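Asker: got a structure for you, letters missing:
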């Protein structure tokens, strides 16, 4: 499988976490994000930026999640990047914030790349962060 990075990953390089779609569980995803980014030797400010971006992406999705939904988070690790995909089932007619919204500007400012898609009653936000060179 190939991620947004263009680099192949194996199942050993992918971590899946599923938590209730409730803000009280976002700390679990933030902690996993920080741990995986630290494993890639991201700088402390890069780790914090990615934690904030994951939190913001989850907040966007929680706002449109169905009742009693689960938030699925997939972390794909490559040599110099971490891709995070967060997915949730959505209520009928739900839409993600536009790319001109403040929330979306936060995501794109804190990550290398961000993308969103909604189809078949599910919404996904994907975040790619590359480690700064020099490590």
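Answerer: Everything's here; your move. Because the structure is a prediction, the values reported are computed rather than measured. Residues are numbered from 1 along each chain as shown.

Asker: name the nearest residue to the spatially most central residue of the chain, sequence neighbours excluded.
Answerer: The chain has residue 84 as the residue nearest its centroid, 3.6 Å off, counting by CA atoms, centre = their mean. Excluding its sequence neighbours, the residue lying closest to residue 84 (CB to CB, 6 or more residues apart in numbering) is residue 127, at 4.6 Å. Where C-beta positions appear, they are placed from N, C-alpha and C, glycine not excepted.

Asker: next helix or strand past the longest helix along the chain?
Answerer: Counting by DSSP state H, the longest helix found in the chain is helix 44-62. Going down the chain from helix 44-62, the next helix or strand is strand 70-77, by DSSP states H and E.

Asker: show the subsequent helix or strand relative to that following strand.
Answerer: strand 81-89.

Asker: so what are the sheet partners of that next one and their directions?
Answerer: strand 70-77 (antiparallel), strand 122-130 (antiparallel) (DSSP bridges).

Asker: quick one: residue 67 and residue 77, what's the gap?
Answerer: Per CB to CB, to the nearest Å, residue 67 is found 33 Å from residue 77.

Asker: neighbour count winner among these two?
Answerer: Each of residue 67 and residue 77 has its neighbours counted (other CB atoms under 10 Å); residue 77 has more, 20 against 7.

Asker: quick check: the gap between that one and residue 38.
Answerer: 11 Å.

Asker: same question for residue 127.
Answerer: Distance check for residue 127 against residue 38: by CB to CB, it reads 17 Å.

Asker: and these two? which has more neighbours close in?
Answerer: Comparing residue 127 with residue 38 by other CB under 10 Å, the one with more neighbours is residue 127, at 25 against 13.
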